[in-house]
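Peer 1: got a predicted structure here, sequence first:
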2 protein chains.
Amino acid sequence: MSKLIVQKFGGTSVGSIERIKAVAEKTLRARNKGADLVVVVSAMGGETDRLLDMAKEITEHMDRREVDMLLSSGERISAALLTIALHAIGCPAISLTGRQLGMKTDGSHTRARIKEIDGARTKKLLSENHVIVAAGFQGINEQGDVTTLGRGGSDTSAVALAVALGADQCEIYTDVAGVYTADPRIVPKAKKLNSVSFDEMLEMASLGASVLQIRCVEFAKNFNMPIVVRSSFRENDEGTIVCRENLNMEQPVVSGVMCDKKQSKITVKGAPDNPGIAAKVFSALNETNISIDMIIQNMSDDGLTDISFTLPTADSLEATKLMEKVGKEIHANNVSCDSDISKVSVVGAGMRSHSGVAAKMFEILAKEHINLLMISTSEIRISCVIEKKYAELAVNALHDGFGLSSDSSGDTP
Amino acid sequence: MSKLIVQKFGGTSVGSIERIKAVAEKTLRARNKGADLVVVVSAMGGETDRLLDMAKEITEHMDRREVDMLLSSGERISAALLTIALHAIGCPAISLTGRQLGMKTDGSHTRARIKEIDGARTKKLLSENHVIVAAGFQGINEQGDVTTLGRGGSDTSAVALAVALGADQCEIYTDVAGVYTADPRIVPKAKKLNSVSFDEMLEMASLGASVLQIRCVEFAKNFNMPIVVRSSFRENDEGTIVCRENLNMEQPVVSGVMCDKKQSKITVKGAPDNPGIAAKVFSALNETNISIDMIIQNMSDDGLTDISFTLPTADSLEATKLMEKVGKEIHANNVSCDSDISKVSVVGAGMRSHSGVAAKMFEILAKEHINLLMISTSEIRISCVIEKKYAELAVNALHDGFGLSSDSSGDTP
């Protein structure tokens, strides 16, 4: 039986007719190597914004069902165009919508979750020698209404289809060459990783590496579906494989250094140190959609307590207002918000078996005279909040200090 | 029970966000008068061409299934936007695709025919007080694939929905004020008709009146569904009602004068007058998609025969080539094509009971010294082929001669 590969091309990769033709050529080459193919496409770059902008000209308050009806057109258009381009170069192909792919979701419009995929039709068409061109990002709910999967939904479509169809591999084509040891825009010596584990990728994604969405990586991890991330525009690049950790191999202690400059820190100062204060603060936040990252609670000498937490800067205004309200109720002295911070993190599956990574990280930062405002850790990650002006310095120092700059395991971009 | 009205808005009427908002206002006014509403929309003006142009950049030879997938997006977009616009002014509304409307068609992609409409969901949503915004032009075939209904398909969608849902009336909103006694661009004195019968409208549509497609009128006639044609842009206009003839009323002898300048005449000259010559000519044409209009066969004194027929000028090159081939086979002397002709016609249900209309028509044209090249008639129509340079003169003379210019039954445009 031939190998089944699911390929996914994002909006930039199908952003023009020229690029759609290039994707068709790439697909045909993969097919000529003997693979069965399901090609998942996003809307053409800019199309989703064009549609949303028209709706926003009418109102900012759109019914989410209608937004799904509107936006799901984008992927249908690119799927039809890619199929036409495949036919034009003699490759049998057929486009399928979310419904035709059997992509069944729950009813949450604009952020639906996949419940089940009925792959019968897709399998039949594959056995009849078609390349399947799948409209990403969309499914249908129980009422038969179109739903969309939210941001990064096409990646999730691709991984879910790969799992449902028992594919050998899921390839995500994007505008970068793979997953890097650090953001090359900040760290000139950053290198492309040949492989990264699901857990590392999850940490990197939650730290702001935009190459893959957390949701799609979680899906891949749960079903052990290897993902290859590679560039649409560079033909012979191997990209980065995201897969289960290979326990027989020596893991690098640190795989990547991440930096998030869009974080803010809110501090509720001088609250009486009664039981339940923290609960009041965070249950109030929980009722919003704001996601909190690090949390620190300090006791000061005078029996009062300070609670600090970090969150995306985009949410900081709303959260500060909310905290000012809560602060009054719990008789805190004041609430402050600091947006001049950044979070730098090191991620590596090897940390599980290596102690001393935290100590080394703090040492590297101390050598640069960078003060640590907050610290948090997971099994394979250490994050520090520092003043924003030191962010680039810190990331480059950590990249050098953990040997990523000189390592020969990756390629320079 | 409240009145159910199906309204249809074409591409020009939903051609911009401003116009979509205007349609929403118009719909809300109709609803506030107590009607239940199904609003059928076409793609935004220009959108279908935009999509087709992209596909043509890839290839001229597109798979028709994929063309349907591509084009059907256009109506989904306008349906979602109109629904969002209705919500924005406080009107409960929901968009439905061809599939969700239960619009089942045969399998002929890009020119599917409606087989059946399962209106259960639409009826339920109507009873729940929604305005239904229906994506026109599209349905699904037995495989669940999207089909489109071909040119003028949204009009047909509207009439078919009106029939299936038992609507009281179907209103087609367009960029003209209704059906006219003649094309106002050619006949300055042309007037809007208040009513016209299905049969008259069918003749007018087949003579090139673009206000309604033949197919949609046939559908309306078969199910006796009255159609009101009116302007999207003029609020208090009554438009023209297309309905069954009211036999109790005196019919005007002639309702309209039509002119088709895009006709050509092909003549196969000097074929031996054997049985089966005409059959050979027209069976050859029948194998193409060219539709032939008038046919004349003459015998000349020398035992040879001439066969002439008219057809759309767009097809004349292909037909001439075909006839040159057939001409050789049947030993005809030569084949000629004349594109300097026009067809002028008078249409009127009153002709059934009035003799002498043909004689009067020929007399009016003779008075202007216009020679008749061919003549054909139906029960309610007389058409003459004349030299193209006389077309405007002929139409205006007929419009005056049959009393349409002075008649007070219509409005000036």
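Peer 2: Received the coordinates, thanks. This is a predicted model, so every value here is computed, not measured. Residues are numbered from 1 along each chain as shown, chains lettered A, B, ... in the order given.
Peer 1: which parts of the stretch of helix or strand residue A:400 belongs to are buried?
Peer 2: Using DSSP states H and E, residue A:400 falls within helix A:391-401. Buried residues in helix A:391-401, counted by 16 or more other C-beta atoms under 10 Å in any protein chain shown: A:391-392, A:394-399, A:401. Backbone N, C-alpha and C define where each C-beta goes, glycine included.
Peer 1: closest to chain B among those?
Peer 2: Nearest to chain B among those: residue A:391, at 41.0 Å, using C-beta to the nearest C-beta.
Peer 1: name the nearest residue to the residue nearest to the spatial centre of chain A, ignoring sequence neighbours.
Peer 2: Per C-alpha atoms, centre = their mean, the C-alpha nearest to the average position across chain A is that of residue A:213, at 2.1 Å. Leaving aside its sequence neighbours, residue A:213 sits nearest to residue A:152 (C-beta to C-beta, 6 or more residues apart in numbering or on different chains; 3.0 Å).
Peer 1: contacts only, for the closest residue to chain B within the stretch 201-350 of chain A.
Peer 2: In the stretch 201-350 of chain A, no residue comes nearer to chain B than residue A:232, which is 17.5 Å away by C-beta to the nearest C-beta. Neighbouring residues of residue A:232 by C-beta atoms under 8 Å, 6 or more residues apart in numbering or on different chains: A:9-10, A:12-13, A:19, A:22-23, A:26, A:173-175.
Peer 1: repeat that for residue A:93.
Peer 2: A:82-83, A:86-87, A:130-133 are the contacts of residue A:93 under C-beta under 8 Å, 6+ apart.
Peer 1: including pLDDT, could those go into JSON lines?
Peer 2: Output for those, formatted as JSON lines (pLDDT from 0 to 100):
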{"residue": "A:82", "pLDDT": "98"}
{"residue": "A:83", "pLDDT": "98"}
{"residue": "A:86", "pLDDT": "98"}
{"residue": "A:87", "pLDDT": "98"}
{"residue": "A:130", "pLDDT": "97"}
{"residue": "A:131", "pLDDT": "98"}
{"residue": "A:132", "pLDDT": "98"}
{"residue": "A:133", "pLDDT": "98"}
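Peer 1: so which of the residues you listed sit within helices?
Peer 2: If you go by DSSP state H, those have A:82-83, A:86-87 in helices.
Peer 1: can you narrow the residues you listed to ones near chain B?
Peer 2: Restricting those to those within reach of chain B (C-beta under 8 Å from any C-beta of the partner chain) leaves A:83, A:87.
Peer 1: and the stretch 101-250 of chain A, which residues reach chain B?
Peer 2: Contact residues, the stretch 101-250 of chain A versus chain B (C-beta under 8 Å from any C-beta): A:144-146.
Peer 1: and those residues, which is closest to chain B?
Peer 2: The closest of these, once distances to chain B are taken by C-beta to the nearest C-beta, is residue A:144, at 6.4 Å.
Peer 1: helix or strand for that closest one, which one?
Peer 2: Here residue A:144 sits in a region with no helix or strand, counting by DSSP H and E.
Peer 1: in terms of pLDDT, where does it sit?
Peer 2: Confidence at residue A:144, expressed as pLDDT, is 93.
Peer 1: distance of it from residue B:97?
Peer 2: Per C-beta to C-beta, to the nearest Å, residue A:144 is found 9 Å from residue B:97.
Peer 1: higher neighbour count, those two?
Peer 2: Neighbour totals were compared for residue A:144 and residue B:97, and residue B:97 leads with 24 against 11 (other C-beta atoms under 10 Å in any protein chain shown).
Peer 1: and that one, what does it touch?
Peer 2: Applying C-beta under 8 Å, 6+ apart, the residues near residue B:97 are A:69, A:146, B:72, B:76, B:79, B:135, B:138.
Peer 1: rerun at 7 Å
Peer 2: Taking C-beta atoms under 7 Å, 6 or more residues apart in numbering or on different chains, we find residue B:97 in contact with B:76, B:135, B:138.
Peer 1: residue A:311 now?
Peer 2: With C-beta under 7 Å, 6+ apart, residue A:311 has these contacts: A:264, A:266, A:290-293, A:319.
Peer 1: for the nearest residue to residue A:329 once chain neighbours are set aside, grab the count of nearby residues.
Peer 2: Leaving aside its sequence neighbours, residue A:329 sits nearest to residue A:280 (C-beta to C-beta, 6+ apart; 7.1 Å). Counted with other C-beta under 10 Å, the neighbours of residue A:280 add up to 17.
Peer 1: same for the one helix or strand residue A:280 maps to, what does it pack against?
Peer 2: Using DSSP H and E, the element containing residue A:280 is helix A:277-286. Here helix A:277-286 touches strand A:304-312, helix A:316-329, going by 3 or more C-beta pairs under 7 Å, 6 or more residues apart in numbering or on different chains; DSSP states H and E.
Peer 1: show me how far the first one is from its chain's centre.
Peer 2: On the basis of C-alpha atoms, centre = their mean, to the nearest Å, strand A:304-312 sits 26 Å off its chain's mean C-alpha point.
Peer 1: any idea of the mean pLDDT for that strand?
Peer 2: Per-region confidence: strand A:304-312 scores 90 on mean pLDDT.
Peer 1: number of residues surrounding the residue lying closest to residue A:142 once chain neighbours are set aside?
Peer 2: Excluding the flanking residues, the one nearest residue A:142 by C-beta to C-beta, 6+ apart is residue A:107, at 6.6 Å. Using other C-beta under 10 Å, residue A:107 is surrounded by 14 other residues.
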